[in-house]
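when you get a sec, could you give me coordinates for this:
(chains A and B)
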Amino acid sequence: AQKITQTQPGMFVQEKEAVTLDCTYDTSDPSYGLFWYKQPSSGEMIFLIYQGSYDQQNATEGRYSLNFQKARKSANLVISASQLGDSAMYFCAMRALVGGFKTIFGAGTRLFVKA
Amino acid sequence: KAGVTQTPRYLIKTRGQQVTLSCSPISGHRSVSWYQQTPGQGLQFLFEYFSETQRNKGNFPGRFSGRQFSNSRSEMNVSTLELGDSALYLCASSLGGQTSHTEAFFGQGTRLTVV
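Below you'll find the predicted structure:
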């Protein structure tokens, strides 16, 4: 079975500060991919960053980085220098062979950026 | 390059009716996945189509069905609508490779309200 857990329903961060959104996962597959998506109030899901289970280095994409700790099965998203436009829902997701390569999502974390 | 297009954006139906939602994926993408998003259940996988064949299926009743056409466009149908079917329905487009590294690109969704 596969599972994604996001334990923070909501988070507040001051503009220009960094914030970490937590994600833990569970899978029996040694090969898997982890993703983070952003969902603004408009509803569209926007792909942010990807981490492969065999990647040696943490993924980075601009202000987004993924803190991948394989032994702990965690894949936390770090947003540096938060901006007001970062206020949105953030979803952690996973794909693996054991799940037929369908992408499953966590419950999400709503981020509020304060001016 | 055009993104994923979902139509209609908003829909209001009455209980017992049926509804058809449409999704046009990114050009060249052969996989289309459908998700139901509700405040209580989060993002739940409905099914995935690849090259006109259903490749994956979630745990939804038979009232939920879909199909994919030769041009990769997909439709989702819900028959005998129930109040609980009110949700945001998201379509995701991807190249469709059977790998863990395939990010999905989402449409803006169809918001269905059943009254």
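
OK, contacts around residue 53?
No chain in the question, so chain A it is. The neighbourhood of residue A:53, defined by CB atoms under 8 Å, 6 or more residues apart in numbering or on different chains, consists of A:30-34, A:70, B:100. In this view, the C-beta of every residue, glycine as well, is placed from N, C-alpha and C.

chain B was what I was after
Taking CB under 8 Å, 6+ apart as the criterion, residue B:53 is in contact with residue B:68.

how far away is it from residue B:98?
Distance of residue B:53 to residue B:98, given as CB to CB, to the nearest Å: 13 Å.

now residue A:113
Here the criterion is CB to CB. By it, residue A:113 lies 38 Å from residue B:98.

can you check residue A:8 too?
Using CB to CB, one gets 32 Å for the distance from residue A:8 to residue B:98.

out of those two, which sits in the busier spot?
With neighbours defined as other CB atoms under 10 Å in any protein chain shown, residue A:8 and residue B:98 compare such that residue A:8 has more, 16 against 12.

once you drop chain neighbours, what's closest to the more buried one?
Distances taken as CB to CB, 6 or more residues apart in numbering or on different chains place residue A:109 nearest to residue A:8, at 4.6 Å, with adjacent residues excluded.

for burial, what's the neighbour tally of that neighbour?
Residue A:109 sits with 21 neighbouring residues when counted by other CB under 10 Å.

one more: residue B:48?
Other residues within reach of residue B:48, judged by other CB under 10 Å, total 27.

can you pull the contacts of the spatially most central residue of chain B?
Nearest to the centroid of the C-alpha atoms of chain B, with distances taken as CA atoms, centre = their mean, sits residue B:34, at 2.9 Å. Contacts were defined as CB under 8 Å, 6+ apart; by that measure residue B:34 touches B:23, B:45-48, B:66, B:74, B:76, B:89-92.

now residue B:17
The contact partners of residue B:17, taken as CB under 8 Å, 6+ apart, are residue B:81.

next up, the contacts around residue B:73.
The contact partners of residue B:73, by CB under 8 Å, 6+ apart, come to B:22-25, B:32.

so what's residue B:105 up against?
For residue B:105, the contacting residues are A:47, B:3-4, B:26, B:29, B:92-94, taking CB under 8 Å, 6+ apart as the criterion.

would you turn those into TSV with neighbour count, secondary structure and distance to residue A:53?
Supplementary listing: those in TSV, determined by neighbours: other CB atoms under 10 Å in any protein chain shown; DSSP: H, G, I helix; E, B strand; the rest coil; distance: CB to CB, whole Å:
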residue	neighbour count	secondary structure	distance to residue A:53
A:47	16	strand	18
B:3	14	coil	28
B:4	23	coil	27
B:26	17	coil	26
B:29	19	coil	24
B:92	25	strand	21
B:93	25	strand	24
B:94	23	strand	18
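
nearest to residue B:114 among those?
Residue B:114 lies nearest to residue B:92 out of those, by CB to CB, at 22.8 Å.

residue B:110: which of the contacts of residue B:105 is nearest?
Nearest to residue B:110 among these: residue B:4, at 11.7 Å, using CB to CB.

I figured the residue nearest to residue A:8 hits residue A:6, correct?
Yes: counting by CB atoms under 8 Å, residue A:109 sits close enough to residue A:6 to count as a contact (5.3 Å).
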